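Peer 1: When you get a sec, could you give me coordinates for this:
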Amino acid sequence: MLLEPDLYRPLVGGWRVPCWPGKIPVVRRERLSFSVDSVQAVPGGWRLEGEPDYHPRHWARPGDRFDRACREHGRKPRDVDLVVVELTGSFAVVTGVGGDLLRPDDIVSGERLVDDVGRAGEGLDRPGDATAHLSQLLGLPALATAAGPGCDWSSAETALGVVLPGDYRMFVDAYGAGIVDDHVIVCAPDAAHDWADLLQHNTWAHECIRPELAGLGSGSGDWSLGDASRWTPNREDVPSWFEPGDNLISWGCSVNGDFLLWHIRPGTAPDDWPVVLKERGPYWEQYHVGFSAALTGLLIGEIQSGYLSRWLGGPHSYAPLTT
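Peer 2: Sure, this is the predicted structure:
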C-alpha cells in the first residue's frame, strides 16, 4: 500500500506540483493531524491533550477544521466537524460536532488549501544546491571547508553494482555517517557501527522488504527485489510504482525502523533516483526527489511525511556516528 506525502502531485490527483519562479501559483493541500491522549469537555467545546503530527509548519491553526477521527492507520473511522480554537505542541481546544465521540489514542485529521506563489520548491531539483542547503540547515561546516573522513566508494559501488548519487557522496565524504535531529540515520560505507554501514544496512533492509513483496513465509533467499516472479499474485503488497526490474537501495533509516531508500529504475541516472520511505508495516511514501532534496524538504516542512515530519521540526542537528 502507498501512503503518499503532500509533495509534487497535481491538485486534481490530490496533492501538489512544484511552483518555480515565473510559473503560475499552485494550490496545494496540507494535511492536518492531532494525536489525542485524553479528552476533556470545556465550555463551548473540548480540550484535547496530546500532540500535533507532522512538521510545525503543518500544525492546525485557529479556524482550521478536523473532519475525521480514527485509530492508527485509519481504523474505526468516524466523521466529525471540529473547528480549532487553539493548538500548541501539547494540547488543542476545539469546538463543533463530534468531540464527545473522541477517545484516548484517537487521531483527528483534516486538510487546508494553501496557495504557493512562487518559491516553495526552488532549488530542490539541483543536487549541489540542495546539499549545500542541507548542510546549512544542519549547522554543519560549509562543504568547501569540511574536513570529512572520505569513503572508499569504489568498493561499496562494486558491491552494490551501481554508481551512487553525487549529492549523497558529497554529503557523506564531508560529514560521514550520522543522525539527523536524533531521528534519521544516514549510513556510509565502512561506518563505525554495523547498523550504520551502508552495505550491511542495505542487506538488512532487503531482508526485511522481501517478505513484504513475496508474502509472509515466501521471502527467504537472496533474490533481487525487482524479480517479479517472486512477488505475491496480483501484487497485493507491491507498490504500484515499483516495476519488474526495478531495485531499491537503502541509504538510511529512522530510529523507529523506517527505511529510507532510493528507487532505482533501469536507465535512470543516479542523480535522478527518487527517495522512498518504507515503514515497518505495509505502507510506503514517495518523495520524488533525491537524497539531499528529500532531507531538506523534510526539515523545512516542504515534504509532509506521516512517519518522519513530527520528529524533524527543529532545532536541527547532525551528530556524527563515531566509535
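
Peer 1: ok, the spatially closest residue to residue 55 that is not a sequence neighbour to residue 280 distance?
Peer 2: The spatially closest residue to residue 55, leaving aside those adjacent along the chain, is residue 301, at 3.7 Å (CB to CB, 6 or more residues apart in numbering). Yep, even glycine has a C-beta here, placed from its N, CA and C like the rest. Applying CB to CB, to the nearest Å, the value for residue 301 to residue 280 is 24 Å.

Peer 1: One more: residue 317?
Peer 2: 25 Å.

Peer 1: same thing with residue 146?
Peer 2: Distance from residue 146 to residue 280, counting by CB to CB: 33 Å.

Peer 1: which one of the two has more residues nearby?
Peer 2: When neighbours are counted by other CB atoms under 10 Å, residue 146 comes out ahead of the other of residue 146 and residue 280, with 16 against 12.

Peer 1: Need the pLDDT of the more buried one.
Peer 2: The per-residue pLDDT reported for residue 146 equals 70.

Peer 1: isn't it right next to residue 175, touching?
Peer 2: Yes - between residue 146 and residue 175 there is a contact at 6.3 Å, judged by CB atoms under 8 Å.

Peer 1: residues shared between the contacts of the two?
Peer 2: 135, 140 (CB atoms under 8 Å, 6 or more residues apart in numbering).

Peer 1: Tell me which stretches of the stretch 51-200 of the chain form helices.
Peer 2: Taking DSSP state H, counting those that start in this stretch as the criterion, the stretch 51-200 of the chain carries its helices at 127-137, 153-160, 166-175, 198-214.

Peer 1: ok, residues contacting the last one?
Peer 2: Going back to what we said before, that points to helix 198-214. With CB under 8 Å, 6+ apart as the contact definition, helix 198-214 has outside contacts at 156, 159-160, 187-189, 191, 194-195, 217-221, 223, 225, 230-232, 237-238, 248-253, 259, 261, 278, 282.

Peer 1: Quick one: the strands in the stretch 1-150 of the chain, in order.
Peer 2: With DSSP state E, counting those that start in this stretch as the criterion, the stretch 1-150 of the chain has strands at 26-42, 45-52, 65-70, 78-87, 91-97, 107-116.

Peer 1: Format those as CSV; extra columns: mean neighbour count.
Peer 2: Shown next, in CSV, are those (neighbours: other CB atoms under 10 Å):
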stretch, mean neighbour count
strand 26-42, 17
strand 45-52, 19
strand 65-70, 19
strand 78-87, 18
strand 91-97, 19
strand 107-116, 17
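
Peer 1: of those, which approaches residue 310 most closely?
Peer 2: Among the strands of the stretch 1-150 of the chain, the nearest to residue 310 by CB to CB is strand 45-52 (7.4 Å).

Peer 1: Which elements pack onto the closest one?
Peer 2: Taking 3 or more CB pairs under 8 Å, 6 or more residues apart in numbering; DSSP states H and E as the contact definition, the neighbouring helices and strands of strand 45-52 are strand 26-42, strand 78-87, strand 91-97.

Peer 1: what about residue 209, how many residues close to it?
Peer 2: With neighbours defined by other CB under 10 Å, the count for residue 209 comes to 18.

Peer 1: How about residue 62?
Peer 2: Neighbours around residue 62, by other CB under 10 Å: 10.

Peer 1: residue contacts, the residue nearest to residue 55?
Peer 2: 54-58, 309, 313.

Peer 1: Distance check, the residue lying farthest from the centre of the chain against residue 105.
Peer 2: Going by CA atoms, centre = their mean, the residue of the chain most distant from its centre is residue 43, 38.3 Å out. For residue 43, the distance to residue 105 under the criterion CB to CB works out to 25 Å.

Peer 1: Next up, the contacts around the residue nearest to residue 215 when sequence neighbours are not counted.
Peer 2: By the measure of CB to CB, 6+ apart, the closest residue to residue 215 outside its immediate chain neighbours is residue 232, 4.4 Å from it. Under the criterion of CB under 8 Å, 6+ apart, the contact list for residue 232 reads 213-215, 218, 238.

Peer 1: Rebuild the residues you listed as JSON lines, extending it with distance to residue 49 and neighbour count.
Peer 2: Listed next are the contacts of residue 232 as JSON lines, based on distance: CB to CB, whole Å; neighbours: other CB atoms under 10 Å:
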{"residue": "213", "distance to residue 49": "40", "neighbour count": "23"}
{"residue": "214", "distance to residue 49": "42", "neighbour count": "21"}
{"residue": "215", "distance to residue 49": "41", "neighbour count": "15"}
{"residue": "218", "distance to residue 49": "44", "neighbour count": "13"}
{"residue": "238", "distance to residue 49": "40", "neighbour count": "19"}
